[in-house]
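**Q** please find the sequence and the predicted model below.
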Amino acid sequence: MSFIPNAAAFAFTAAACVPVLKLLRGRAIVDVPNHRSSHTVATPRGAGLAVAIGALLAVATVRDHVPGLLVVALGSAAFGVLGLIEDLRGIKVGGRLLAQAALAVGATVAVTNTTDRQVSVGTIALLVVLALFVVSYVNAFNFMDGVNAISGAQAVVTGVALAVLGHHFHVVSLEIGAGILAAAALGFLPFNAPQARMFLGDVGSYFMGAWIALLMVLAVLAHVPFMAAVSPAAIYGVDTASTVIRRLRNHEAVFEPHRSHVYQQLARRFGSHMVATAVVSAATAATAAAGYVTAVTDGWVMAASTCALVAVVVGYASLAQPGAVTSES
């Protein structure tokens, strides 16, 4: 595989960060902290524009015919536009979910057309599940984007994991697309860690979340073993799901801003965003590695890897403190 797209994604994103930061400051597009925030200084938001620019320009450097990659890029760009509208004007929850569902269905069907899947009742059912997964993961990625570097690090770890899967199973679109995502995230990280000069915003979390989710959809439809394909999403999934369940039990509004995610609790407990990011990244790397092993082995090794994956997920979820701060009036 050529590393030109990866180098291009890194360089274009890093180069775009400076003008995007000036634009955000000039237009006063900032995230003002409140009692529910994990940060204490007003910070420009919308830096996902730079990541989107870098990744999309990198796709243009790919010389091979990789239709799956183009679908992932265009689908993610559409989600990014939706996130940008949310950043600038705001969208009611119902309208946002409907728009996300429409984009997810369209992108999932488009990805199917780039694979050798034959349309059948089973395929249609799978597409419905995968479209729901895309919407769920995009929102989970958005919910989890609450401390410095966490989303960029997640994109790097997940990108590398999916690129390895793409290489092993000879899915060129997956390998190249995952590499581009990881490289673009690396280009952004210096502006978001250890102290954040700007935040991704919804445009960034939607774009990156959709890119990852659509790569996973591509992997599943290209016959990459399901557990391996989605294993990098396990930690974000369990953190979001467990938090939603806790909030529902406490009769709290799920979409209301809060500070009760496991990663947010870790950041407060250790007084460091970077510790929380490191824990989440390490756990994601562990689940991705275990997922990969389940795909390339069988027998007791596969069983042991599956158990290890479950143990990491359960162990991470157990880090939550029952009496953690949730929402405050």
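**A** Yes, it's here.
**Q** partners of the helix or strand of the chain with the lowest mean pLDDT in the sheet?
**A** Every helix and strand of the chain was ranked by mean pLDDT, DSSP states H and E. The lowest is strand 30-31, at a mean of 82. Its sheet considered, strand 30-31 pairs with strand 43-44 (antiparallel) by DSSP bridges.
**Q** which residues of this structure score low on pLDDT?
**A** 1-2, 33-40, 119, 121, 253-258, 322-329 (pLDDT under 70).
**Q** which parts of it are helices?
**A** 4-26, 48-59, 67-88, 93-112, 121-144, 150-168, 172-188, 201-221, 226-230, 234-249, 262-270, 273-296, 299-317 (DSSP state H).
**Q** so which of those helices is the most packed in?
**A** The highest mean neighbour count among the helices of the chain, using mean count of other Cβ atoms under 10 Å, belongs to helix 201-221: a mean of 29. C-beta here means a position set from N, CA and C on the backbone, and glycine is covered the same way.
**Q** what's near enough to touch residue 75?
**A** For residue 75, the contacting residues are 103, 106-107, 110-111, 210, 214, by Cβ atoms under 8 Å, 6 or more residues apart in numbering.
**Q** closest to residue 235 among those residues?
**A** When these are compared for distance to residue 235 (Cβ to Cβ), residue 210 wins out at 18.3 Å.
**Q** quick check, the closest one in contact with residue 106.
**A** No - applying Cβ atoms under 8 Å as the test, residue 210 and residue 106 come out as separate, 11.6 Å apart.
**Q** next, show the common contact partners of those two.
**A** Contacts common to residue 210 and residue 106, judged by Cβ under 8 Å, 6+ apart, are 75, 78.
**Q** identify the residues contacting the residue nearest to the spatial centre of the chain.
**A** The C-alpha lying nearest the average C-alpha coordinate of the chain belongs to residue 209 (Cα atoms, centre = their mean; 3.3 Å). Neighbouring residues of residue 209 by Cβ under 8 Å, 6+ apart: 79, 137-142.
**Q** fine by me, we can end here.
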